[in-house]
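*Asks:* Provided below for reference: sequence and predicted model.
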Amino acid sequence: MLALGLGPGLELPARGADEFPEYQLKAGFLYNFAKYVEWPDDAFEKKEDPIVIGVIGKDPFGDHLEKTLKDRRAQDRKFTIVRFATLDELKRCHLLFIPKSEKKPGEILKKIEDWPTLTVGETEGFAAKGGAVNILIEKDRPRLEINPEAAEKAKLTIQARLLKLATLVKTEK
């Protein structure tokens with residue numbers, strides 16, 4: 001199993017994905033990504049600004065994101081969750097979850113290519129198509145793919161501790 005022990009502060013017990021609803025598990029991953037990714041200083045207007053997590057399209061999380069992030073902080077920042085129904089509504093955020101219900105993730109990635117946004121998907125090939133992180137569930141176990149090139153293009157630094165837990169992929173040319 002993917003080691004859920006990303007370090008002190010991880011809130012999910014080290015159990016199989018089958019013991020947690022899928023999106024409760026994925027909400028926990030988003031929380032931890034916020035702890036192990038560094039954004040450029042200009043990604044925040046003020047030191048106290050929250051980390052904004054966006055979800056585009058049909059939100060699969062229900063209340064799991066709110067429950068997971070309630071009263072939590074990462075990098076000394078609170079969280080704000082924003083949901084965008086369509087690509088036209090999409091605004092800058094620090095972390096954007098693109099669910100499998102989105103049929104054209106390439107259009108979303110294109111729109112935000114100049115933003116300092118960690119893009120997180122859940123479909124086969126997402127990271128290879130330019131997404132930064134992909135959370136896949138295989139045989140009831142989570143598997144991460146990280147595209148360091150996509151993160152670097154977004155001016156993000158992913159700590160080595162997180163990179164070690166993932167399969168590293170490159171953007172397909």
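*Replies:* The structure has been received and is ready for your questions. Numbering: from 1, shown residues only.

*Asks:* packing partners for the helix ranked longest in the chain?
*Replies:* Secondary structure of the chain per DSSP state H: the longest helix is helix 22-36. Here helix 22-36 touches strand 51-56, helix 64-69, strand 95-98, strand 118-121, strand 133-138, strand 141-146, helix 160-163, going by 3 or more CB pairs under 8 Å, 6 or more residues apart in numbering; DSSP states H and E. All C-beta spots, glycine's among them, are computed from the backbone N, C-alpha and C.

*Asks:* check Met1 and give its pLDDT.
*Replies:* For Met1, the pLDDT comes out at 36.

*Asks:* low pLDDT regions in this protein?
*Replies:* For the chain, applying pLDDT under 70 flags the ranges 1-20.

*Asks:* tell me what the spatially most central residue of the chain is bridged to.
*Replies:* What sits nearest the mean C-alpha location of the chain, by CA atoms, centre = their mean, is Val120, with 3.9 Å. Per DSSP bridges, the residues bridged to Val120 are Phe97, Val133.

*Asks:* contacts only, for it.
*Replies:* Listed by CB atoms under 8 Å, 6 or more residues apart in numbering, the contact partners of Val120 are Phe29, Leu30, Phe33, Leu95, Leu96, Phe97, Ile98, Gly131, Ala132, Val133, Asn134, Ile135.

*Asks:* next SSE after the longest helix of the chain?
*Replies:* Where DSSP states H and E defines the elements, the next helix or strand beyond helix 22-36 is strand 37-38.

*Asks:* would you mind listing the buried residues in stretch 103-122?
*Replies:* Residues of stretch 103-122 classed as buried: Pro105, Ile108, Leu109, Ile112, Trp115, Pro116, Thr117, Leu118, Thr119, Val120, Gly121, Glu122 (neighbour count, 16 or more other CB atoms under 10 Å).

*Asks:* could I get those as a markdown table with distance to Gly62?
*Replies:* Below are those laid out as a markdown table (distance: CB to CB, whole Å):
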| residue | distance to Gly62 |
| --- | --- |
| Pro105 | 21 |
| Ile108 | 22 |
| Leu109 | 25 |
| Ile112 | 25 |
| Trp115 | 26 |
| Pro116 | 28 |
| Thr117 | 23 |
| Leu118 | 22 |
| Thr119 | 21 |
| Val120 | 17 |
| Gly121 | 19 |
| Glu122 | 15 |
